[in-house]
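J.: Fold the following and give me the result.
(one chain, ligands or ions: 1)
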Amino acid sequence: MRNIYNRLRCFKRRNIGFTLIELIVVASIIAVLATIGSFSVLRSLEHSRERVCMDNCRQVEQLFQAEVLLKDDIDESEGLLSQFILDNGYTEICPSGGVISVLNGELRCSIHSPSDDDDEDGGAVPYLFIY
Ligand SMILES: [Zn+2]
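T.: Reported below is the predicted structural model:
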């Protein structure tokens, strides 16, 4: 009986703490997981900002279309859409601070809208600078 007690005491004494190697391995695993997690969080944040920007652009365009339908005497043009945005104070369309411009009756963000490689800056008139 005493022999078993001594063995248990010896076993307990050996497993009291962690070795330095174990701590380094655990810390490195936590660092790798934190790095992967932070990239994932940043990517999802940028994706959500893109979605908000596209939805804001679409919503402003729909509001402009509704105003054009309500007032029969005006025709839709890019200048009127720009003026409509400025008159109604839609200054924070892009949460990332992109420059909003009007091209072919659509709002385009300098950061989030897909770029047309063949038509670089093709007549788009930037009217709003958000910094
Ligand atoms: Zn944007």
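
J.: what about residue 80, how many neighbours?
T.: 17 (other CB atoms under 10 Å). In short, each C-beta sits where N, CA and C put it, glycine included.

J.: name the helices or strands packed onto the host helix or strand of it?
T.: Counting by DSSP states H and E, the element that carries residue 80 is helix 78-88. In terms of contacts (3 or more CB pairs under 8 Å, 6 or more residues apart in numbering; DSSP states H and E), helix 78-88 is packed against helix 20-70, strand 100-103, strand 125-128.

J.: The ion contacts on the protein?
T.: Residues of the chain lying close to the ion by CB under 5 Å from the ion are 53, 94, 98, 109, 111, 112.

J.: Residue 108: what's it in contact with?
T.: 57, 100, 101, 102, 124 (CB atoms under 8 Å, 6 or more residues apart in numbering).

J.: top of those by neighbour count?
T.: residue 100 (28 neighbours).

J.: how much space is there between the most centrally placed residue in the chain and the ion?
T.: Nearest to the mean C-alpha position of the chain, counting by CA atoms, centre = their mean, stands residue 46 at 1.7 Å. Distance of residue 46 to the ion, given as CB to the ion, to the nearest Å: 10 Å.

J.: Not counting sequence-adjacent ones, nearest residue to that residue?
T.: residue 96 (7.6 Å; CB to CB, 6 or more residues apart in numbering).

J.: That neighbour falls within a helix, correct?
T.: No - judged by DSSP: H, G, I helix; E, B strand; the rest coil, residue 96 forms no part of a helix; its state is coil.

J.: My guess is it contacts residue 56. True?
T.: No - the criterion here is CB atoms under 8 Å, and residue 96 misses it with residue 56 at 11.3 Å.

J.: So if I had to pick from these two, which one is more boxed in?
T.: The neighbour comparison of residue 96 against residue 56 (other CB under 10 Å) goes to residue 56, with 18 against 15.
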